[in-house]
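# Need coordinates for the following:
(chains A and B)
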Amino acid sequence: MILDVAGLHKSFGDLEVLKGIDLKVAERELVFVIGPSGSGKSTLLRCCNRLEEPTSGSIRVEGVDIMAPGVDINAVRRRIGMVFQSFNLYPHLNALGNVTLALRKVLKKAKAEADDIGMRALVRVGLGDKAKAYPNELSGGQQQRVAIARALALEPSIMLFDEPTSALDPELVGGVLAVMRQMRESGMTMVVVSHEMRFARGAADRVVFMDQGRVLEEGPPEKIFNEPEHARIKEFIASLNG
Amino acid sequence: METLITAFFNLGILRETAPYLWAGFKMSALLTLVVVPLGIAGGLAVALIARTAFRPLRWLVVFYVDFFRAFPPLVLLMFIAFGLPFTGLDLPAFVSVALAFFLNTSSYYGEIFRAGIESIPRGQFEAARSTGLGAAQTMAYVIVPQATRNVIPDLISNTLEVVKLTSIASVVALPELLYAARQAQSITYNATPIIAAGIIYLVCLWPLVRLLSRFEHRQIALH
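Sure thing, here's the model as predicted:
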C-alpha cells in the first residue's frame, strides 16, 4: 500500500467533517473521489499530507505513520505531490523557478542539476518552451500544468489532485487531463478529487463516493456510475450530467 | 522683497556657511544609511516573530510595536541620551540616536511587513509546504519576497518619514543637517542656512517621492 488511511476523523470546532474514513491506495492505482460539495473530499486529501491536522485516526504513506510524534513531516511531504484547485504557483518566480525551488532548497540540488530536472518536468507536461514565463503570463491550464510539474519534479510516490480542473475554462481542461492521463500511463499512483466524470470512467481504477464525511460506496467506475447500490449516488451522477 | 531675499536667500551667507551644511549633510546621510536598513531588518524580524506559534513571544511583539508606535520618538531619544546615563549606560550620541530610531522605526516597518505577509493567500503557504519546504524556508523563499513586493510603496513612504525624522538627532547635539543649519543661523543671524537645508532635503527626497507616486499609479492601474 502506498497510502493507507484508517479511521480518519477531522473536526473543525463543532463541525465533524470526516467521520471515520478508511481508504487504501495501492501502487500504480488511480483512485477517484467524488461526492457532493461539503462531503469532506478535499479535507480527506489535505489530511493525507497533514496540510490539515487530523483529529484522530491513522495515515500511513509507504508504510510510514505520518501521524507519529517526531515524524519528519517535510520529508513525508516531498514524497506526496499535491495539485491544488487554484494552482498556487509562486507569482514572483518563473515556471522553471516554481518547479526547481523545492529541488534546490529541500533536496539541496545544485542549480544546474535542479534546472535540468525542472526542464524535464516541464517538458513532460508539454511546457518546455514556457520555462521563462511567469505565472501571470500563462493561461490557467498552463499554470496548472506547471503546478503538476512542480510536484512531479520531486518524484513523489503518490500524487494528490484537489479539483485540478474546477477553476479552469472548459477549453483548458483537456490539456490538464491529458497530462494526468499520461502520468497514469507511466504508473504514477494518484488520488483525484474531481467532477470530471468522463475522465473518471476512462482512467480510474476505483471510484470512492463520499457523502457527509463518510465513504458511502466504492468500487470500479462502471459499478459506481452505472449500478450503484445507493440511490443517493445515482441522483448525484444524474445531477452532474443534467 | 529685498528684505526677504537678504534674510532667506542670501548667497553670501550661503557661501560662508556651506562647509557647515556639507558636514551636516554628510552626518544626516550617514544616519539615514544606518537607521533605515536597521529599521527595515528589525521590522522584518518583528513581523516574523509576530507569527510564531509561541504565544508569550507574540504578545511581547504586540506590546513592543504598540508601545514604540505610540511613544513620541523625541522623548524616547531624550530618555536614551539623557536618562540612561543615570543607569550607567552612557551611549555616544550617534548610538543613542540609532537605538531610538531602531526601536521606533522597526515597529513601523514591522507593521508594514506584517500587513504584507498577511496579504499573501494561504494557498502560497500550502503549496510551498506541500513540496517539503519548512516553515522558515517557506517564509524566506515564497512569502517574504512576495510580501515585500506588495508593500514597497508603504516601505518607501515610511522611509521618507524616517529620513525627515533624523533631524530630531539635533536634540542630542548630533551635528546633522538641520542642527548644522541652526548653528549657522544663530551665528549669522540669517535664515538662509535653514532654507538651504530645507532645499537639500527636498532635492534628496524628491526622487523617492516620484518613485512612490509611480508605484502608486501602477498599483491603481493593476486593480
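
# interface residues of chain A facing chain B?
Listed as neighbours of chain B in chain A under the rule CB under 8 Å from any CB of the partner chain: A:49, A:51, A:74-75, A:77-78, A:80-82, A:84, A:86, A:88-92, A:101-102, A:105-106, A:147, A:150-151, A:154. C-beta: built from backbone N, CA, C; applies to glycine.

# are any of those residues buried, and which?
Listed as buried from the residues of chain A next to chain B are A:49, A:51, A:74, A:77-78, A:80-82, A:84, A:86, A:88-92, A:101-102, A:105-106, A:147, A:150-151, A:154; burial here means 16 or more other CB atoms under 10 Å in any protein chain shown.

# quick one: low-confidence parts of chain A?
For chain A, the stretches flagged by pLDDT under 70 are A:242.

# quick one: the strands in it?
A:3-12, A:15-25, A:30-34, A:56-61, A:64-65, A:80-83, A:158-162, A:190-193, A:206-211, A:214-219 (DSSP state E).

# Scan the chain for its longest helix.
In the absence of a named chain, this looks at chain A. Identified as the longest helix of chain A according to DSSP state H is helix A:170-185.

# not what I meant, chain B
Counting residues, the longest helix in chain B under DSSP H turns out to be helix B:11-49.

# what about it, distance to the chain center?
9 Å (CA atoms, centre = their mean, to the nearest Å).

# any idea how far B:Val209 is from B:Glu161?
To B:Val209, B:Glu161 is 12 Å away according to CB to CB, to the nearest Å.

# Counting neighbours, go ahead and name the busier of these two.
More crowded of B:Glu161 and B:Val209, by other CB atoms under 10 Å in any protein chain shown: B:Val209, with 13 against 10.

# Does the more buried one touch B:Ser157 like I think?
No. The criterion here is CB atoms under 8 Å, and B:Val209 misses it with B:Ser157 at 9.1 Å.

# For B:Ala41, grab the count of nearby residues.
By other CB under 10 Å, the residues close to B:Ala41 number 13.

# Quick check, the residue in chain B closest to chain A?
Across chain B, no residue is closer to chain A than B:Gly132, which sits at 3.2 Å (CB to the nearest CB).

# Can you pull the phi/psi pair for the closest residue to that residue other than its chain neighbours?
Among residues not flanking B:Gly132 along the chain, A:Arg78 sits closest, at 3.2 Å (CB to CB, 6 or more residues apart in numbering or on different chains). When quoted as degrees, to the nearest 10, the phi and psi of A:Arg78 stand at phi -80, psi -10.

# ok, A:Arg78 - contacts?
Contacts for A:Arg78 (CB atoms under 8 Å, 6 or more residues apart in numbering or on different chains) come out as A:Ala102, A:Val106, A:Leu107, A:Leu154, A:Pro156, B:Thr131, B:Gly132.

# Distance to B:Met139 for those - can I get that in TSV?
Below are these laid out as TSV (distance: CB to CB, whole Å):
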residue	distance to B:Met139
A:Ala102	15
A:Val106	14
A:Leu107	19
A:Leu154	20
A:Pro156	23
B:Thr131	14
B:Gly132	15
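
# Let's see which of those end up in helices.
Judged by DSSP H, the contacts of A:Arg78 include A:Ala102 as members of helices.

# Going by distance to A:Glu29, which of the contacts of A:Arg78 wins?
When the contacts of A:Arg78 are ranked by distance to A:Glu29 (CB to CB), A:Pro156 comes first, at 14.4 Å.

# how many neighbours does the closest one have?
Neighbours of A:Pro156 (other CB under 10 Å): 23.

# Also A:Ser139?
13.

# Run through the residues that contact the nearest residue to it once chain neighbours are set aside.
The spatial neighbour of A:Ser139 that comes closest, neighbours along the chain excluded (CB to CB, 6+ apart), is A:Leu172 at 6.0 Å. The contact partners of A:Leu172, taken as CB under 8 Å, 6+ apart, are A:Ser139, A:Gly140, A:Gly141.

# what do you get for B:Ala100?
B:Ala100 touches B:Pro73, B:Leu76, B:Leu77, B:Ile80, B:Ala81, counting by CB under 8 Å, 6+ apart.

# before we move on, back to that, so what does the longest helix of chain B touch, helix or strand wise?
If contacts are counted by 3 or more CB pairs under 8 Å, 6 or more residues apart in numbering or on different chains; DSSP states H and E, helix B:11-49 sits against helix B:55-70, helix B:93-118, helix B:152-165, helix B:177-188, helix B:192-222.

# Quick check: A:Glu137 vs B:Gln124, distance?
Look at A:Glu137 and B:Gln124: by CB to CB, they are 18 Å apart.

# just the angle between the longest helix of chain B and helix B:55-70, please?
Relative orientation of helix B:11-49 and helix B:55-70, computed by axes from the mean of the first three to the mean of the last three CA atoms, to 10 degrees: 160 degrees.

# buried residues in helix B:11-49?
Going by 16+ other CB under 10 Å, helix B:11-49 has these buried residues: B:13-14, B:16-17, B:20-21, B:24-25, B:27-28, B:31-32, B:34-36, B:38-40, B:42-44, B:46-48.

# what residue is smack in the middle of chain B?
Centroid-nearest residue in chain B: B:Val162, 2.8 Å away (criterion: CA atoms, centre = their mean).

# from what I can see that residue touches B:Gly39, true?
Yes. Proximity of B:Val162 to B:Gly39 meets the contact threshold set by CB under 8 Å, at 6.4 Å.

# which residues are common contacts for these two?
Residues touching both B:Val162 and B:Gly39 (CB under 8 Å, 6+ apart) are B:Phe101, B:Thr105, B:Tyr108.

# Which residues of chain B lie near chain A?
Applying CB under 8 Å from any CB, we find that chain B lies next to chain A at B:121, B:123-124, B:126-134, B:137, B:141-142, B:145-146, B:149.

# Tell me the buried residues within the residues you listed.
Buried among the residues of chain B next to chain A (16+ other CB under 10 Å): B:124, B:126-134, B:137, B:141-142, B:145-146.

# Out of these, list just those in helices.
Residues of these located in helices (DSSP H): B:Gln124, B:Glu126, B:Ala127, B:Ala128, B:Arg129, B:Ser130, B:Gln137, B:Pro145, B:Gln146.
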